[in-house]
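**Q** I'll drop the sequence and a predicted model, then ask my questions.
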Amino acid sequence: MRYEQVIPYTVSAVQELKAENDALKAENADMKAENADMKARLAKIEKALGL
């Protein structure tokens, strides 16, 4: 196998995976923040209802 011919494809694949991973990390951070906000809102509602 001629690895020197495969290297550009491997580099491209790694770059694509990194971009996807970065996007998923950002999405996960957004969802965590939204979840924390919803938990706080739920706690306020439960407190108001005396639960």
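**A** Nice, thanks for sending it over. Numbering: from 1, shown residues only.
**Q** now for the helix or strand harbouring D37, which elements pack on it?
**A** For D37, the host element (DSSP states H and E) is helix 3-49. Here helix 3-49 touches no other helix or strand, going by 3 or more Cβ pairs under 8 Å, 6 or more residues apart in numbering; DSSP states H and E. C-beta here means a position set from N, CA and C on the backbone, and glycine is covered the same way.
**Q** i'd like the first residue to be 624 from this point on
**A** Will do, 624 is the new start, and the previous item becomes helix 626-672.
**Q** from the chain's centroid, how far away is it?
**A** Here helix 626-672 is found 1 Å from its chain centre; the criterion is Cα atoms, centre = their mean, to the nearest Å.
**Q** repeat for stretch 663-674
**A** Averaged C-alpha coordinates place stretch 663-674 at 29 Å from its chain's average position (Cα atoms, centre = their mean).
**Q** could you export that stretch as PDB, keeping only the C-alpha atoms?
**A** Only the C-alpha atoms of stretch 663-674 are listed here, as PDB (Å, rounded to 0.1, in the frame of the first residue of the first chain):
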ATOM      1  CA  ALA A 663     -34.600  26.500  37.500                       C
ATOM      2  CA  ARG A 664     -38.000  27.300  36.000                       C
ATOM      3  CA  LEU A 665     -39.400  24.000  37.200                       C
ATOM      4  CA  ALA A 666     -38.100  24.600  40.700                       C
ATOM      5  CA  LYS A 667     -39.800  28.000  40.700                       C
ATOM      6  CA  ILE A 668     -43.100  26.500  39.600                       C
ATOM      7  CA  GLU A 669     -42.900  23.700  42.200                       C
ATOM      8  CA  LYS A 670     -42.100  26.200  44.900                       C
ATOM      9  CA  ALA A 671     -45.100  28.300  43.800                       C
ATOM     10  CA  LEU A 672     -47.300  25.200  43.900                       C
ATOM     11  CA  GLY A 673     -45.900  24.200  47.300                       C
ATOM     12  CA  LEU A 674     -44.500  20.900  46.000                       C
END
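**Q** what mean pLDDT does that stretch get?
**A** When pLDDT is averaged over stretch 663-674, the result is 96.
**Q** again, but for stretch 626-644
**A** Stretch 626-644 comes out at a mean pLDDT of 96.
**Q** no more questions from me, cheers.
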